[in-house]
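> Turn this into a model:
(2 chains)
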Number of protein chains: 2
Amino acid sequence: MGGDHGPRVTVPAALDLLDRRPDASVILVGRSAEIAQELAKLGRNVDERMAVHEATEVVQMDEPPASALRNKRDSSMRVAIDLVKAGTAQCAVSAGNTGALMAISRFVLKMLPGVERPAIASFLPSQRGRTVMLDLGANVNCTPEHLLQFAVMGTALVRAIEHSERPSVGLLNIGEEDIKGNDVVKEAADLLRASSLNFYGNVEGDDIYKGTTDIVVCDGFVGNVALKTSEGLAQMLAAYLRQEFRRNLFTRVLALLALPVINRFKDRVDHRRYNGASLLGLRGIVVKSHGSADAFAFGFALQRACDEVQNGLLEMIRVRLEPSDVEKAS
Amino acid sequence: MGGDHGPRVTVPAALDLLDRRPDASVILVGRSAEIAQELAKLGRNVDERMAVHEATEVVQMDEPPASALRNKRDSSMRVAIDLVKAGTAQCAVSAGNTGALMAISRFVLKMLPGVERPAIASFLPSQRGRTVMLDLGANVNCTPEHLLQFAVMGTALVRAIEHSERPSVGLLNIGEEDIKGNDVVKEAADLLRASSLNFYGNVEGDDIYKGTTDIVVCDGFVGNVALKTSEGLAQMLAAYLRQEFRRNLFTRVLALLALPVINRFKDRVDHRRYNGASLLGLRGIVVKSHGSADAFAFGFALQRACDEVQNGLLEMIRVRLEPSDVEKAS
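Take a look at the predicted model:
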């Protein structure tokens, strides 16, 4: 029910997933009347691969997480997470309030042993493929141990999704030299060097999009700023490009001619293809879609969740939190 | 002498400044033989508006600031700052090692009264014009008081350069709500609200390029990551666009046709036009150029320094550090 568009987006995306993934089934959680209306509009009926589960409340996008946790026990978000806890569902996907989703997930599902803080991880495009970045905003204050745990979870995510055996980990800093950065980052570098992870060393902001490492680890404040800054820059560049192509008749004709090129460019950097942030560290798989996602974008978040289930992400995180890594973190 | 290109870039840019600004004069500091060679190449002689000041040493780009400060007393960087201290020069511009430039400037020039930490500030393009962002890397650990002082100095910079009377200040955070962020940011918001500055409130990363406020204040770690992330994203997008236009003969012809449009777009976002970061908080005007700047870009750093002198930036910072603001910070 969540996100800016609710069932208008989530229902068609779920139906599309059923068509793409014959082995998947979905439970649509929310106000059943609204869901039924969307299904009717699309000419689909509930069948053995699709159930509707009633939830009468909705967590508002600007609702404080604590209030959502306390007062919205019959929200679509809470009920969906409860279904994961009960084992009825293998994963939950929501386009709703991030803070509330994190708080509810943490309360209901609990943390994996050895993980003190959950993290939000997302794939970003890079010149070499994709970079996983975490944390993107779950934790504003992190210890070196938290950053090590993020590195462990990011490694498991890349292994599960990209099937690469020993993905490289970069620690986001303001210089490549070991002496740079604040104390937390310096200590985290020591922990990472001593771990069994494939630690590359310090990376800087531009390395995210260069693809210098498979994973970039940082605290949630820095990660969130980097992500939002990127969104703002991309929007500004797109607006400028549009303005230049609309300047006069000649440039408008050019824009029409260049449409296939521009569309292919847009496709490559389409943020909708990167929609779906993983809430890592929980005893269950939860994926957060961007609130403004359309059905195309929401579909990517659904597929990410399916991939995480099918490729055994939770087990990979558990295995990676082996004594050699965790000892140093405790 | 500094930067990636040395006198090959700085000398022609300085000559160009003399042509543009009849009221300016320059002192070229460095190895006089190399400078003379560049001047000869360009067919120019030393005259009453241009002097050469010998400095035999060069601070290396990767040299630790402490070592540069201790051992390079006859470096071009140190000698140029000494000239500012002596009042022989009104400002210094360098494309050299940022950390060394900051350490030397702070040691030689000292801080303005009421400023505990210097900050690096730069203009960035936005959808509404330009945004000043600081700190961009001078301070990895900041107190709320430091952030307030950055806001004061950023306000003075915008007043001096953009001539706007009450520029707005945004505090970089990971959500617009007051409850968001870490303790330092929350306390800084309280200080800013109580100050006489035009405080807008919290802003997020995307607001930098939206131009929501004239000034965005953050600690140097976050600011540096945001800046470098932007550089990386811009480079990736440029590389993708180039690849798409080079895909085949048809797209190459399109690229030729679209050249005027693309060039105008490039012009608008040309980072060279934003070259020149101000080292604020010192008892003297120092501007840092990007190490890789060409003569066109270095010229913008020179002009920024001239503007800061002519528009009385130091006095504006001093006036803004009035009791009503400083009291709360002490």
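> got a list of what A:Leu282 touches?
A:105-106, A:109-112, A:118 (Cβ atoms under 8 Å, 6 or more residues apart in numbering or on different chains). All C-beta spots, glycine's among them, are computed from the backbone N, C-alpha and C.
> would you list every one of the strands in chain A?
Here chain A has its strands, by DSSP state E, at A:26-30, A:50-54, A:91-94, A:119-126, A:129-134, A:168-172, A:198-203, A:215-217, A:277-280, A:285-288.
> A:Ala80 and A:Ser94 touch, don't they?
Yes: between A:Ala80 and A:Ser94 there is a contact under Cβ atoms under 8 Å: 6.6 Å.
> tell me the two of the contacts of A:Leu282 that are most distant?
The most widely separated members of these are A:Ser105 and A:Leu112, with 12.0 Å between them, by Cβ to Cβ.
> between the strands of chain A, which gets nearest to A:Ala156?
Closest approach to A:Ala156 among the strands of chain A (Cβ to Cβ): strand A:277-280, 7.9 Å.
> what helices or strands is the closest one leaning on?
helix A:98-109, strand A:119-126, helix A:144-162, strand A:285-288 (3 or more Cβ pairs under 8 Å, 6 or more residues apart in numbering or on different chains; DSSP states H and E).
> Could you export the longest one as PDB, CA atoms only?
When you say that, I think you mean helix A:144-162. The C-alpha trace of helix A:144-162 is given here as PDB (Å, rounded to 0.1, in the frame of the first residue of the first chain):
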ATOM      1  CA  PRO A 144      34.700   0.600  13.200                       C
ATOM      2  CA  GLU A 145      33.000  -2.800  14.100                       C
ATOM      3  CA  HIS A 146      29.800  -1.700  12.400                       C
ATOM      4  CA  LEU A 147      31.700  -0.800   9.200                       C
ATOM      5  CA  LEU A 148      33.400  -4.200   9.300                       C
ATOM      6  CA  GLN A 149      30.000  -5.900   9.600                       C
ATOM      7  CA  PHE A 150      28.700  -3.800   6.700                       C
ATOM      8  CA  ALA A 151      31.700  -5.000   4.600                       C
ATOM      9  CA  VAL A 152      30.800  -8.600   5.500                       C
ATOM     10  CA  MET A 153      27.100  -8.200   4.500                       C
ATOM     11  CA  GLY A 154      28.000  -6.300   1.300                       C
ATOM     12  CA  THR A 155      30.400  -9.100   0.400                       C
ATOM     13  CA  ALA A 156      27.600 -11.700   0.900                       C
ATOM     14  CA  LEU A 157      25.200  -9.500  -1.200                       C
ATOM     15  CA  VAL A 158      27.500  -9.300  -4.100                       C
ATOM     16  CA  ARG A 159      28.300 -13.000  -3.900                       C
ATOM     17  CA  ALA A 160      24.600 -13.900  -3.800                       C
ATOM     18  CA  ILE A 161      23.500 -11.500  -6.600                       C
ATOM     19  CA  GLU A 162      26.600 -11.200  -8.900                       C
END
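> Give me the angle between that helix and strand A:198-203.
Orientation of helix A:144-162 against strand A:198-203 (axes from the mean of the first three to the mean of the last three Cα atoms, to 10 degrees) gives an angle of 120 degrees.
> next one: helix A:144-162 to chain centre, how far?
Distance of helix A:144-162 from its chain centroid, counting by Cα atoms, centre = their mean, to the nearest Å, is 13 Å.
> still on that earlier bit, so which of the strands of chain A is the most surrounded?
Scoring the strands of chain A by mean neighbour count under mean count of other Cβ atoms under 10 Å in any protein chain shown gives strand A:215-217 as the most buried, with a mean of 30.
> counting contacts, what elements does that strand pack onto?
On a contact count with 3+ Cβ pairs under 8 Å, 6+ apart, strand A:215-217 meets strand A:129-134, helix A:144-162, strand A:168-172.
> Could I get the ones you listed in TSV, plus columns for mean pLDDT and distance to B:Thr229?
Formatted as TSV, these follow (pLDDT from 0 to 100; distance: least, Cβ to Cβ, whole Å):
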stretch	mean pLDDT	distance to B:Thr229
strand A:129-134	96	10
helix A:144-162	95	17
strand A:168-172	97	9
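> Which of those sits closest to chain B?
Chain B sits nearest to strand A:168-172 of all the helices and strands packed on strand A:215-217, at 6.3 Å, using Cβ to the nearest Cβ.
> Return the distance of the lengthiest helix in chain A from the chain's centre.
The single longest helix within chain A, with elements called by DSSP state H, is helix A:220-245. The chain centroid and the centroid of helix A:220-245 are separated by 18 Å under Cα atoms, centre = their mean.
> related to what we said a few turns ago, which one of A:Ser105 and A:Leu112 has more residues nearby?
For A:Ser105 versus A:Leu112, neighbours defined as other Cβ atoms under 10 Å in any protein chain shown are more numerous around A:Ser105 (28 against 18).
> which intervals of the stretch 201-330 of chain A have sub-threshold pLDDT?
A:322-330 (pLDDT under 70).
> Swap in 90 and give it another go.
Residue ranges of the stretch 201-330 of chain A with pLDDT under 90: A:238-271, A:318-330.
> For A:Glu165, which non-adjacent residue is spatially closest?
Nearest residue to A:Glu165, sequence neighbours excluded (Cβ to Cβ, 6 or more residues apart in numbering or on different chains): A:Arg159, at 6.9 Å.
> cool, and A:Val11?
With sequence-adjacent residues excluded and distances taken as Cβ to Cβ, 6+ apart, A:Val11 is closest to A:Glu38, at 4.0 Å.
> before we move on, back to that, scan the contacts of A:Leu282 and report the most crowded one.
Neighbour counts for these (other Cβ under 10 Å) peak at A:Ser105, which has 28 neighbours.
> Check the gap between the nearest residue to that residue once chain neighbours are set aside and B:Glu231 for me.
Spatially, and ignoring its direct neighbours in sequence, A:Ser105 is nearest to A:Val286 (4.8 Å; Cβ to Cβ, 6+ apart). From A:Val286 over to B:Glu231 the distance is 33 Å, taken as Cβ to Cβ, to the nearest Å.
> next one: A:Leu282
34 Å.
> same thing with A:Ala68?
38 Å.
> So these two - more neighbours on which side?
A:Ala68 (24 against 18).
> ok, that one to chain B distance?
As judged by Cβ to the nearest Cβ, to the nearest Å, A:Ala68 and chain B stand 14 Å apart.
> Same question for A:His163.
According to Cβ to the nearest Cβ, A:His163 stands 24 Å off from chain B.
> what's the neighbour count on that residue?
Other residues near A:His163 come to 9 when the count uses other Cβ under 10 Å.
> how about the nearest residue to it once chain neighbours are set aside, what does it touch?
Among residues not flanking A:His163 along the chain, A:Asn311 sits closest, at 7.8 Å (Cβ to Cβ, 6+ apart). Counting by Cβ under 8 Å, 6+ apart, A:Asn311 touches A:160-161, A:163.
> OK, now which residue of the stretch 1-150 of chain A is nearest to chain B?
Closest point on the stretch 1-150 of chain A to chain B, by Cβ to the nearest Cβ, is A:Val140, at 4.4 Å.
> Can you verify my assumption that that residue contacts A:Asp219?
Yes: applying Cβ under 8 Å as the test, A:Val140 and A:Asp219 come out as touching, 7.0 Å apart.
> how about low-confidence regions in the stretch 51-200 of chain A?
For the stretch 51-200 of chain A, the stretches flagged by pLDDT under 90 are A:61-62, A:114, A:116, A:138-141, A:163-165, A:175-183.
> Need the helices and strands packed on strand A:277-280 in TSV (columns: distance to A:Asn275).
Putting the helices and strands packed on strand A:277-280 into TSV (distance: least, Cβ to Cβ, whole Å) gives the following:
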stretch	distance to A:Asn275
helix A:98-109	13
strand A:119-126	9
helix A:144-162	14
strand A:285-288	9
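> closest to B:Gly87 out of those?
helix A:144-162 (47.0 Å).
> Counting neighbours, which bits of the closest one end up buried?
A:144-162 (16 or more other Cβ atoms under 10 Å in any protein chain shown).
> so what are the domain limits for chain A?
Domain assignment for chain A, taken from automatic domain parsing, gives A:7-109, A:119-272+A:316-329.
> Please name whichever of those domains is nearest to B:Ala55.
Closest approach to B:Ala55 among those (Cβ to Cβ): domain A:119-272+A:316-329, 25.6 Å.
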